[in-house]
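Visitor: Mind folding the following:
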Amino acid sequence: MQQNQRLKGQIAIVTGASSGIGKACAIELGVEGASVVVNYGSNNKGADEAVEAIKAAGSNAFAFKADVSKQDEVKAMFEATIKTFGTVDILVNNAGLQKDASFLEMKLEDWQYVLDVNLTGQFLCAQEAAREYVKRGPRPEISKSVGKIICMSSVHEIIPWAGHVNYAASKGGVMLLMRSMAQELGSKKIRVNSIAPGAIKTPINYDAWHTRVAEEKLLKLIPYGRVGETIDVAKVCVWLASDESDYIHGETIFVDGGMTLYPGFEDNG
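Guide: Residues are numbered from 1 along each chain as shown. Presented below is the predicted three-dimensional model:
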């Protein structure tokens, strides 16, 4: 199942890659020729499935358990990657979660937990990736850029979300983390961008789409008229990791079927 092999010879780490968007991105990177480290937190079965799919596509892969909010575990993951594959070329900062509650009832530990994983985790992984890119230097035979960092954000980096203030705040933080990193790292030929998915059929939002009634309600928010699939995001991830997007830097690409068009105003509000 080989595609264009646009990432042949490159090494990728995908965090939170045992299910949903992360799993799809990891597999698609492998299909395009990259060797992939499949990071997971607890779902070893899903991580193993991703590894097997990548190997079936003809690329190398292994799974690595690490909590991205823990600096020592992040460092261990990068050390294992470099020991096994020699370096890193692509980081997909995907790991994320929700702990939902109304603002008045949200517990501090749930606020902190989501920020730790969704935002601090992206900082820690990106920092390790950037340090490796700078230390190793360019590999012009592999890629025009020295390295790529792709942050997985959300439409909720710009759309407020009542009942999910910790998640929305974390994604708003990812937006400015990405842009600030891009501003600082661009001169080092490190490309930094984000993908902001809208409603995608993943386990994290299963209740929003798994029944016909739920899906019809969700579609009212999506002008394009369908709920997204994980492959929709994975294809954009591959493109951002490839030299086809070499002049794209510091940008968020929304993969949302038009959700950020605020469809409630399509009939003049």
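
Visitor: Now the longest helix that the chain contains: buried residues?
Guide: Taking DSSP state H as the criterion, the chain has its longest helix at helix 165-185. Across helix 165-185, burial judged by 16 or more other CB atoms under 10 Å covers 165-175, 177-179, 181-182, 185. (Each C-beta comes from the backbone N, C-alpha and C, glycine too.)

Visitor: Three-state assignment for the residue sitting furthest away from the middle of the chain, please.
Guide: Distance from the C-alpha centroid of the chain peaks at residue 268, with 34.6 Å (CA atoms, centre = their mean). State at residue 268, reduced to three classes by DSSP: H, G, I helix; E, B strand; the rest coil: coil.

Visitor: so which helix or strand takes in residue 30?
Guide: helix 20-31 (DSSP states H and E).

Visitor: Could you identify the helix or strand that succeeds that helix?
Guide: Counting by DSSP H and E, what follows helix 20-31 is strand 35-40.

Visitor: now the angle between helix 20-31 and that next one, please.
Guide: Inter-element angle recorded for strand 35-40 and helix 20-31: 160 degrees (by axes from the mean of the first three to the mean of the last three CA atoms, to 10 degrees).

Visitor: Quick check: mean pLDDT of strand 35-40?
Guide: Averaged over strand 35-40, pLDDT sits at 98.

Visitor: Sheet partners, orientation included, of that strand?
Guide: According to DSSP bridges, strand 35-40 forms sheet pairs with strand 11-14 (parallel), strand 61-65 (parallel).

Visitor: pLDDT weak spots in the stretch 1-150 of the chain?
Guide: 1-3 (pLDDT under 70).

Visitor: Excluding chain neighbours, what is closest to residue 248?
Guide: residue 193 (5.9 Å; CB to CB, 6 or more residues apart in numbering).

Visitor: Would you agree the one you found falls within a strand?
Guide: Yes. Remark: residue 193 belongs to a strand, assigned using three-state DSSP.

Visitor: Show the contacting residues for it.
Guide: 148-151, 178, 182, 240, 245, 248-253 (CB atoms under 8 Å, 6 or more residues apart in numbering).

Visitor: can you do 7 Å?
Guide: For residue 193, the contact set (CB atoms under 7 Å, 6 or more residues apart in numbering) comprises 150, 178, 240, 248, 249, 250, 251, 253.

Visitor: Which of these are buried, as a PyMOL select command?
Guide: Applied in PyMOL, the following selects the buried portion of the contacts of residue 193 according to 16+ other CB under 10 Å:
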select buried, resi 150+178+240+249+250+253
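
Visitor: Wasn't residue 235 part of a helix?
Guide: Yes. Counting by three-state DSSP, residue 235 is found in a helix.

Visitor: And it, how close does it get to residue 267?
Guide: 32 Å (CB to CB, to the nearest Å).

Visitor: These two: who's more crowded?
Guide: residue 235 (17 against 6; other CB atoms under 10 Å).

Visitor: Please name the residues that touch the more buried one.
Guide: So residue 235 contacts residue 28 (CB under 7 Å, 6+ apart).

Visitor: is residue 64 in a bridge, and if so with what?
Guide: residue 39.

Visitor: my guess is it meets residue 76, correct?
Guide: No. Counting by CB atoms under 7 Å, residue 64 does not reach residue 76; the two are 8.2 Å apart.

Visitor: CA atoms of stretch 25-35 as CSV?
Guide: The C-alpha coordinates for stretch 25-35 follow below in CSV (Å, rounded to 0.1, in the frame of the first residue of the first chain):
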residue,chain,number,x,y,z
CYS,A,25,-1.5,10.2,11.1
ALA,A,26,1.1,7.6,12.2
ILE,A,27,-0.1,5.0,9.7
GLU,A,28,-0.3,7.5,6.8
LEU,A,29,3.2,8.8,7.5
GLY,A,30,4.4,5.2,7.4
VAL,A,31,2.5,4.6,4.1
GLU,A,32,4.4,7.6,2.7
GLY,A,33,7.8,6.1,3.6
ALA,A,34,8.6,7.5,7.1
SER,A,35,9.8,5.3,10.0
